[in-house]
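K.L.:
Mind looking at a prediction? Sequence and model below.
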Amino acid sequence: MKKKLFAAAAAAALAAAMMAGCGNKAASGTGSAAEKKEETKAEAKTESPASSEAKVSIVCTNFAEYDFARAIAGDTAEITMLLKPGAESHTYEPSPEDIIRIQDSDMFVYVGGDSDEWVADILDSMDQSKMHVFKLMDQVDTVEEEHVEGMETEEEETKSEQDEKNLGKSQPEEEPELDEHVWASPVNAMQIVEKMSAQIADIDPDHKADYEKNAADYIGKIRKLDEQFQDITANAARKEIIVADRFPFLYFVKEYGLKYYAAFPGCASNTQPSAQTVAFLIDKVKEDQIPMVFHMELSNEQMANSIAEATGAKSELLNAVHNVSAEDFAKGVTYVDLMQHNAEVLKEALN
Ligand SMILES: [Zn+2]
């Protein structure tokens, strides 16, 4: 039902965009990196997308993508994040304005997983002949979502989601679900930045050297993080973390050889834990003498706090970098900053 309404809204938005000749581009955006484009400029861009006057426009769905694009092309491109700073990413749905932004962009960056499933329908309805689409999950090796002991499964919901899908578009979907949080591993992040930089340079060859230099600088910073994580995990007293929240850290723990327990899989829509789940995690914390329990960003933190209270462990933030608060967004906080925080708390949690 929701999907049908949404498809109708998308179609209406596209029709409006076409009639208005893309002049709507400056519609109230929150996560815009640069100043809003003036109407005349937007029209000029429509006529000659490769013109040297028009900035390359890059539209990203989440913060990690936005941060990478900003590091590579922040000076020469107009970069927009569709997710509003501070908003929860798993419940995001694009507004008609967002759809117009995607349609008008030179490059559209998205994850390609469960939480931005809407993208496929949107792209199908668009003229993609001049669009460059960059899907994060195509840039690195993906792994299947895991369900470890004690984790709540979403069997019922998955089934009803599939029913909904079968009723709507006929997409035979029997493939295993891949974990979408590819960016949460710094090693993946380096690959993504490298490939994103190459694609931006293809769109805007005039600034190729800048993009390459910026990408190399940023990859250098991420490599330092990677080295820290390797060092921390190699010298840790224990190699286990407990996340009393969703678990978007699968690529991260696999990279650094950590064992984990968590309440929910990566992009679970349900985050109300059962008493059983909470009890399981409390037992684990006690049994394995875990000094710190994690929650992810923009979480209500309730579960981590109550487990901390029951066990004497600390409750701390482990950033999965889906999004940042409006305050951090305004401050210009980066993926590297957020991961640096992770390195500090991880060191404490593992020792
Ligand atoms: Zn997620």
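P.N.:
Nice, thanks for sending it over.
K.L.:
Contacts only, for the spatially closest residue to residue 274 that is not a sequence neighbour.
P.N.:
In space, and not counting its chain neighbours, residue 274 is closest to residue 152: 6.5 Å by C-beta to C-beta, 6 or more residues apart in numbering. Where you see a C-beta, it was placed from the backbone N, CA and C, and this is true even at glycine. By C-beta atoms under 8 Å, 6 or more residues apart in numbering, the residues touching residue 152 are 263, 264, 268, 270, 273, 274, 277.
K.L.:
a helix runs through the fifth one, doesn't it?
P.N.:
Think residue 273. No: counting by DSSP: H, G, I helix; E, B strand; the rest coil, residue 273 is not part of a helix but coil.
K.L.:
Name all residues that make contact with it.
P.N.:
With C-beta under 8 Å, 6+ apart, residue 273 has these contacts: 152, 244, 263, 264, 303.
K.L.:
quick one: which of the contacts of residue 152 is nearest the ion?
P.N.:
residue 268 (8.7 Å; C-beta to the ion).
K.L.:
any idea how far residue 291 is from that closest one?
P.N.:
26 Å (C-beta to C-beta, to the nearest Å).
K.L.:
Of those two, which one has the most company?
P.N.:
Taking other C-beta atoms under 10 Å, residue 268 and residue 291 do not tie; residue 268 has more neighbours (21 against 17).
K.L.:
So which residues make contact with stretch 278-294?
P.N.:
With contact meaning C-beta under 8 Å, 6+ apart, stretch 278-294 is reached by 149-150, 238, 240-245, 261, 263, 303-304, 306-308, 310-311, 313-318, 345, 348-349, 351.
K.L.:
mind running it again at 7 Å?
P.N.:
Here stretch 278-294 makes contact (C-beta atoms under 7 Å, 6 or more residues apart in numbering) with 150, 238, 240-245, 261, 263, 303-304, 306-308, 310-311, 313-316, 318, 345, 348-349.
K.L.:
First-to-last residue distance for that stretch?
P.N.:
Using C-alpha to C-alpha, to the nearest Å, one end of stretch 278-294 lies 13 Å from the other.
K.L.:
residues of that stretch that come out buried?
P.N.:
Buried residues in stretch 278-294, counted by 16 or more other C-beta atoms under 10 Å: 278, 280, 281, 282, 284, 285, 290, 291, 292, 293, 294.
K.L.:
How far away from the center of its chain is it?
P.N.:
28 Å (C-alpha atoms, centre = their mean, to the nearest Å).
K.L.:
cool, stretch 254-273 as well?
P.N.:
Stretch 254-273 sits 15 Å away from the centroid of its parent chain (C-alpha atoms, centre = their mean).
K.L.:
in it, what's buried?
P.N.:
255-256, 258, 260-268, 271, 273.
K.L.:
Save those as TSV, and put in distance to the ion and pLDDT too.
P.N.:
Formatted as TSV, the buried residues of stretch 254-273 follow (distance: C-beta to the ion, whole Å; pLDDT from 0 to 100):
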residue	distance to the ion	pLDDT
255	17	98
256	19	98
258	18	98
260	15	98
261	18	98
262	12	97
263	14	96
264	10	94
265	9	90
266	5	86
267	4	76
268	9	80
271	11	77
273	17	91
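K.L.:
What parts of the stretch 151-300 of the chain come near the ion?
P.N.:
Residues of the stretch 151-300 of the chain that fall close to the ion, judged by C-beta under 5 Å from the ion: 248, 267.
K.L.:
all strands for the stretch 151-300 of the chain, in order.
P.N.:
240-246, 259-264, 292-295 (DSSP state E, counting those that start in this stretch).
K.L.:
Now render the ones you listed as CSV, adding distance to residue 178.
P.N.:
Output for these, formatted as CSV (distance: least, C-beta to C-beta, whole Å):
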stretch, distance to residue 178
strand 240-246, 16
strand 259-264, 17
strand 292-295, 23
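K.L.:
what about residue 306, distance to residue 278?
P.N.:
7 Å.
K.L.:
go on, residue 110?
P.N.:
Distance from residue 110 to residue 278, by C-beta to C-beta: 34 Å.
K.L.:
now swap in residue 139 and tell me
P.N.:
Distance check for residue 139 against residue 278: by C-beta to C-beta, it reads 36 Å.
K.L.:
what's the answer for residue 343, then?
P.N.:
Noted for residue 343: a distance of 28 Å to residue 278, by C-beta to C-beta.
K.L.:
now do residue 180
P.N.:
26 Å.
K.L.:
Quick one: list the elements packing against the longest helix seen in the chain.
P.N.:
The longest helix of the chain (DSSP state H) is helix 208-234. Helices and strands touching helix 208-234, by 3 or more C-beta pairs under 7 Å, 6 or more residues apart in numbering; DSSP states H and E, are helix 63-73, helix 186-203, helix 250-256, helix 335-349.
K.L.:
ok, of the buried residues of stretch 254-273, which one's closest to residue 198?
P.N.:
residue 255 (22.8 Å; C-beta to C-beta).
K.L.:
measure residue 102 to the ion for me?
P.N.:
20 Å (C-beta to the ion, to the nearest Å).
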